[in-house]
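Visitor: Predicted model, plus sequence, below.
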Amino acid sequence: MDLATSRWVLTGASGGIGHALVAELCRRGARVLVVGRQSEALFTLAEHHPQRVRVVVADLHTPHGRQAVVDAAREIGHFDGLINAAGVNHFGLFDGMDDAAIERVVSLNLTATLQLTRALLPLLRERPRAMVVFLGSIFGSIGYPGQAVYSATKFALRGFAEALRRELADGPVRVLYAAPRSTRTSMNADAMVQMNRQLQVAMDAPESVARQIVDALRDEPKEIYLGSPEKFFVRLNGLLPRLVDRALRKQLPIIQRFAREAQPGTAP
């Protein structure tokens, strides 16, 4: 895909990887319709990238919000791709999560993402070449303690991306699933950052992740996994999961301690 002439709809643009993706796309000449609920952050993006960023303030959990995105996409004439970067994390032990926390993670990471993708597919099919991108996670291939619900949504998203790619194989829309490893964003609880330091888990800068994902938009692979040795552990978990079980079992006391710190009121 020629990025210099491309137009994108991008959710989750107000911070983290989404924010960095907007900057990287604009740097390469693309135009971006940014979507989110934090109007101040989105309009600041538009000020930093004049003539290249258009803002839609919308709540993707609601039909009205998703329709606002569809209407804005129609107004710009055409767009070449959708990047689903909106998401939320919850670091903590599963038995310490209440119903509202579970619903919040599943709703944004999975349900709203699928619903918006379905709503925009007819417009994407009008283009001779188009792409849908799903921002996943290494935890969508390796179930990680303290990330049970988040992992569940990313496993599901990876499966959906694979199925949708095969469903659309005879048309113009390509599907990319991108799985970063831990990234330094505000989505991560302080306890998780501290845990990663103790376990010597690397965390990438969002700008680095954005560059690699935008490179993939040009090359159009089916999926990408970012970071070593995480890519190796994804393969190992698929072939020999018991080895990964044993490795994570050794780390479990540390993970549990930090996960409890991230959940006030959880018994030590």
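Guide: Received it, and whenever you're ready, just let me know what you need. Everything numeric here is computed off the predicted structure, so don't read it as measured data.
Visitor: now the helices: where do they sit in the stretch 1-150 of the chain?
Guide: 16-27, 39-48, 63-75, 99-106, 112-124, 148-167 (DSSP state H, counting those that start in this stretch).
Visitor: Let me have the last one in CSV, keeping just the CA atoms, if that works.
Guide: Think helix 148-167. Written as CSV, here are the backbone C-alpha positions of helix 148-167 (Å, rounded to 0.1, in the frame of the first residue of the first chain):
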residue,chain,number,x,y,z
ALA,A,148,-6.5,-13.4,32.4
VAL,A,149,-9.3,-11.3,31.0
TYR,A,150,-7.0,-9.1,28.9
SER,A,151,-5.4,-12.3,27.5
ALA,A,152,-8.9,-13.7,26.8
THR,A,153,-9.8,-10.7,24.7
LYS,A,154,-6.6,-10.7,22.8
PHE,A,155,-6.8,-14.5,22.1
ALA,A,156,-10.3,-13.9,20.8
LEU,A,157,-9.2,-10.9,18.7
ARG,A,158,-6.4,-13.0,17.1
GLY,A,159,-8.8,-15.7,16.3
PHE,A,160,-11.3,-13.2,14.8
ALA,A,161,-8.6,-11.6,12.7
GLU,A,162,-7.6,-15.0,11.3
ALA,A,163,-11.2,-16.0,10.5
LEU,A,164,-12.0,-12.6,9.0
ARG,A,165,-8.9,-12.7,6.8
ARG,A,166,-10.0,-16.1,5.4
GLU,A,167,-13.6,-14.9,5.0
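Visitor: So what touches it?
Guide: By C-beta atoms under 8 Å, 6 or more residues apart in numbering, the residues outside helix 148-167 that reach it are 87, 89-91, 94, 97, 101-102, 105-106, 109-110, 113-114, 117, 132, 134, 136-137, 139-144, 174-177, 179, 222-223. Backbone N, C-alpha and C define where each C-beta goes, glycine included.
Visitor: pLDDT weak spots in the stretch 51-200 of the chain?
Guide: Regions of the stretch 51-200 of the chain meeting the criterion pLDDT under 70 are absent.
Visitor: list the contacts for the residue nearest in space to the middle of the chain?
Guide: By C-alpha atoms, centre = their mean, the mean C-alpha position of the chain lies nearest to Leu135, the distance being 2.9 Å. Leu135 makes contact with 12, 17-18, 83-85, 87, 178, 180, 213, according to C-beta under 8 Å, 6+ apart.
Visitor: among those residues, which are in strands?
Guide: Mapping the contacts of Leu135 onto strands (DSSP state E) picks out 83-84, 178.
Visitor: who touches Val201 in this structure?
Guide: Per C-beta under 8 Å, 6+ apart, neighbours of Val201: 182, 195.
Visitor: List the buried residues for stretch 188-203?
Guide: Within stretch 188-203, the residues that count as buried by 16 or more other C-beta atoms under 10 Å are 188-189, 191-192, 195-196, 203.
Visitor: then stretch 121-135 to PDB, C-alphas only?
Guide: The C-alpha trace of stretch 121-135 is given here as PDB (Å, rounded to 0.1, in the frame of the first residue of the first chain):
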ATOM      1  CA  LEU A 121     -16.500  -3.100   6.000                       C
ATOM      2  CA  PRO A 122     -18.900  -2.000   3.300                       C
ATOM      3  CA  LEU A 123     -16.900   1.200   2.800                       C
ATOM      4  CA  LEU A 124     -13.600  -0.700   2.700                       C
ATOM      5  CA  ARG A 125     -15.000  -3.000   0.100                       C
ATOM      6  CA  GLU A 126     -15.500  -0.100  -2.200                       C
ATOM      7  CA  ARG A 127     -11.700   0.500  -2.500                       C
ATOM      8  CA  PRO A 128      -9.500  -1.500  -4.900                       C
ATOM      9  CA  ARG A 129      -7.200  -2.300  -2.000                       C
ATOM     10  CA  ALA A 130      -7.900  -1.800   1.700                       C
ATOM     11  CA  MET A 131      -6.800  -3.100   5.100                       C
ATOM     12  CA  VAL A 132      -8.100  -3.800   8.600                       C
ATOM     13  CA  VAL A 133      -5.600  -3.900  11.400                       C
ATOM     14  CA  PHE A 134      -6.100  -5.300  14.800                       C
ATOM     15  CA  LEU A 135      -3.800  -4.300  17.600                       C
END
